[in-house]
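**Student:** Below is the structure, and that's it, no one-letter string:
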Ligand code: SF4
């Protein structure tokens, strides 16, 4: 199918600012889903609130636009009642890690078969540029005009520590690998977390001396490196990208089915 077959054109033009990374990620999602061969009718997209969550309105799958931070809770309910469906949850960093942080770690711990896409632009864009759990120490935001004193969550380490069985990081600059990673994450049976470092030139970029979205993309190119590269050894401050874990583990819905079977036998 063509990209436009996945889009609800009636909701365009979209609300995203020029240069925003969310459009790139939406395009990567479409291409990844197309590569998996999963039928449109078998895919459910669930989002919370934020600029990134608008993806649920723009893509033509079964979609639920829910409460801030609660997308994974809704997605868990859908998956448990219809485990044959493919669940994808696009979230922003605030949505996934602050308001929805608890849902994220418990979904990871259970290893429920859902793909969580965390679009990390280090700021709350929709509500005016407040600092988020990934803004970073010393960076500026609407609510940190003298510099942020909170340390950042490392999304990859958080997901690994919480028990996600597929964890990856990529950026909006690395489009080809983003598509490949998303395809693998969606196909993976278990909880997948994909962090996509993405640009909000309007609120994060302007406050932190990035003159344009292009400069932010160049930064992602020069400040990241593939996992375990020689460059990482030489420059340990580089951010690693790639797949950190891809492991088969008991999946929550399958385990739940076994409990139902046991309970039926004991009647
Ligand atoms: S405010 Fe930031 S995240 Fe929101 S649409 Fe604009 S550029 Fe994108």
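**Tutor:** Received, thanks. What you see is a predicted model; the values in this text were computed from it and never measured.
**Student:** residues in the stretch 51-200 of the chain within reach of the ligand, list them.
**Tutor:** 51, 121, 125-126, 200 (Cβ under 6 Å from any ligand atom). Quick note: C-beta positions are derived from backbone N, CA and C, even for glycine.
**Student:** 5 Å - rerun?
**Tutor:** Counting by Cβ under 5 Å from any ligand atom, the residues of the stretch 51-200 of the chain close to the ligand are 51, 125, 200.
**Student:** Now do the same contact list for the second one.
**Tutor:** The one in question is residue 125. Shown here is residue 125, whose contacts under the criterion Cβ atoms under 8 Å, 6 or more residues apart in numbering are 20, 50-51, 92, 200, 202-204.
**Student:** Out of these, who's the most crowded?
**Tutor:** residue 92 (34 neighbours; other Cβ atoms under 10 Å).
**Student:** so who does that residue touch?
**Tutor:** Taking Cβ under 8 Å, 6+ apart as the definition of contact, the neighbours of residue 92 are 48, 50-53, 118-121, 124-125, 132.
**Student:** Can you get me the centre-to-centre distance for the helix or strand hosting residue 260 and its chain?
**Tutor:** Taking DSSP states H and E as the definition, residue 260 sits inside helix 252-265. Taking the mean C-alpha point of helix 252-265 and that of its whole chain, the gap between them comes to 30 Å (Cα atoms, centre = their mean, to the nearest Å).
**Student:** For my notes, confirm residue 88 occurs in a helix.
**Tutor:** No: for residue 88, which was evaluated using DSSP: H, G, I helix; E, B strand; the rest coil, the result is strand, with no helix membership.
**Student:** if we can go back for a sec, tell me the buried residues in the helix holding residue 260?
**Tutor:** Within helix 252-265, the residues that qualify as buried are 252-253, counting by 16 or more other Cβ atoms under 10 Å.
**Student:** Summarise which helices and strands it is packed against.
**Tutor:** With contacts defined as 3 or more Cβ pairs under 8 Å, 6 or more residues apart in numbering; DSSP states H and E, the packing partners of helix 252-265 are helix 71-81.
**Student:** what angle sits between the helix it packs on and helix 252-265?
**Tutor:** If you take axes from the mean of the first three to the mean of the last three Cα atoms, to 10 degrees, helix 71-81 sits at 40 degrees to helix 252-265.
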